[in-house]
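> Okay, sequence plus prediction incoming.
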Amino acid sequence: MLIIAAVLMTALLGIAVLAVDGAFLMNVRAELQRATDAMSVAAASGLTVGLAEATQRAEQYAQLNPVLGESLDVEGQQMVFGLWEADSHQFIETSGAPNSVRVTARLTGGSTPAEPSLFFGPVLGRNQSEVEATSTAALGNRNMVLTLDRSGSMNDDNANPEQPLTDTKEAAKRFLDLVRNFPVDGDQAGLVFYNHQATLNQQLTDNFNQVKTAIDGPTALDWTNIAAALCVARQETLSSRADPRGIKVIILLSDGKTNSRVNAATCQLAGTAGQDDGQPPGNVSEQQALAQAQLIAQDRTILYTISLGLNTNRPLMQQMAQVTGGEHFFAPTTADLQHVFDEISARIPVALVE
């Protein structure tokens, strides 16, 4: 019986090692994976600023996600910048304009924190066990539809060239240049101009120069129909041209108040062309614009709204953006548009890719 008991005790110790120490190591690895996930995502989000910012953000999130009660030492771990190719699912290391970050953390005898000590392992001659986790995060691609106001108020002073329309066009083209500063595979842009009706001036394309050329065309004329603008932009984000891997983004700029109605089925003006709907605040055209924003939210599309000047319906613009989880920006003058577009261009989604 003693011999049998001794054999069984060894087996029980082995089971205890597997059960207790195994569960402990699984928990440690989960903590380590969570930390590397947070670090890689934070670092990737900083790439739009620079490598130093990316490293700093990784350090901040290492502090916020401790492992075994201690923060990972970023310098003691492996953090690599590179290019993520979605189609081939490959990570290529580079420090020149990277779009992704890979973090590999390993708990060893010389790391902080050190490799975890086992509870029952020493009985079987194993005191500690190394734990490792890897995570890669990349800047995601976007299907962006610029939706710009070209109503008569965009040429309020009858200047030549038209203002504020001309400055708005230049700011929009600068936005496209900023977006292309980061090699996010699959980024696309489209263009909608609107007044009393909305027109798809450029379908979604990765040829940003083509979009910039389309921006130069339209002139300012007639009333403002925000519902039509959102309707046409939404249809383009739902088209077969939109990359299903990317997020959908609509950027709406207006310098006035919506005052034309729309046929929701066709996105066309409901009524006589150029006719103000003549309704007080809270009118049908405002309700239609908000209804379009709600449809955009159902499509999981983000809406950024830009109020240009002091005559916009800022509460409506803000409400439409918030419905979709987007953001509202106020630009008192066209000089402020540059900063607004800079802010939007930096809002590149980040996703864990492996």
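Thanks, I have the structure now.

> what's the average pLDDT for stretch 161-172?
Stretch 161-172 shows a mean pLDDT of 91.

> Check the offset of it from the chain's centre.
Between the centre of stretch 161-172 and the centre of its chain there are 26 Å (CA atoms, centre = their mean, to the nearest Å).

> Which strands or helices does the helix or strand where Lys212 lies pack on?
Assigned by DSSP states H and E, Lys212 falls within helix 208-215. The contact analysis (3 or more CB pairs under 8 Å, 6 or more residues apart in numbering; DSSP states H and E) places helix 208-215 against strand 142-149, helix 165-179, strand 188-194, strand 198-205. Bear in mind the C-beta positions are built from the backbone N, C-alpha and C, glycine included.

> Report the next helix or strand after that helix in sequence order.
Next along from helix 208-215, by DSSP H and E: helix 226-237.

> follow-up on the earlier one: could you give me the buried positions within the helix holding Lys212?
Phe208, Val211, Lys212, Ala214, Ile215 (16 or more other CB atoms under 10 Å).

> show me the residues around the first one that make contact.
Contact criterion CB atoms under 8 Å, 6 or more residues apart in numbering gives Leu176, Asp177, Val179, Arg180, Ala189 as the residues in contact with Phe208.

> Farthest-apart pair in those, please.
Asp177 and Ala189 (11.2 Å; CB to CB).

> who has more neighbours, the two?
Ala189 (27 against 13; other CB atoms under 10 Å).

> residues contacting that one?
Met144, Val145, Leu146, Leu176, Val179, Gln202, Leu204, Thr205, Phe208, Val211.

> same thing but at 7 Å, please
Ala189 sits next to Met144, Leu146, Leu176, Leu204, Thr205, Phe208, Val211 when contact means CB atoms under 7 Å, 6 or more residues apart in numbering.

> what's the answer for Val145, then?
Contacts of Val145 by CB under 7 Å, 6+ apart are Gly190, Val192, Ala233, Glu236, Thr237, Ile250.

> Give me the helices and strands touching the lengthiest helix in the chain, please.
Using DSSP state H to define each element, the chain has its longest helix at helix 22-45. With contacts taken as 3 or more CB pairs under 7 Å, 6 or more residues apart in numbering; DSSP states H and E, helix 22-45 sits against helix 51-64, strand 100-107, strand 131-139, strand 350-352.

> Provide the strand pairings for the second one, with the direction of each partner.
Strands adjacent to strand 100-107 in the sheet, as given by DSSP bridges, are strand 78-85 (antiparallel), strand 131-139 (antiparallel).

> what angle separates the last one from helix 22-45?
Interaxial angle of strand 131-139 relative to helix 22-45 (axes from the mean of the first three to the mean of the last three CA atoms, to 10 degrees): 30 degrees.

> Pull out the buried residues from strand 131-139.
Applying 16+ other CB under 10 Å to strand 131-139 flags Val131, Ala133, Thr134, Ser135, Thr136, Ala137, Ala138, Leu139 as buried.
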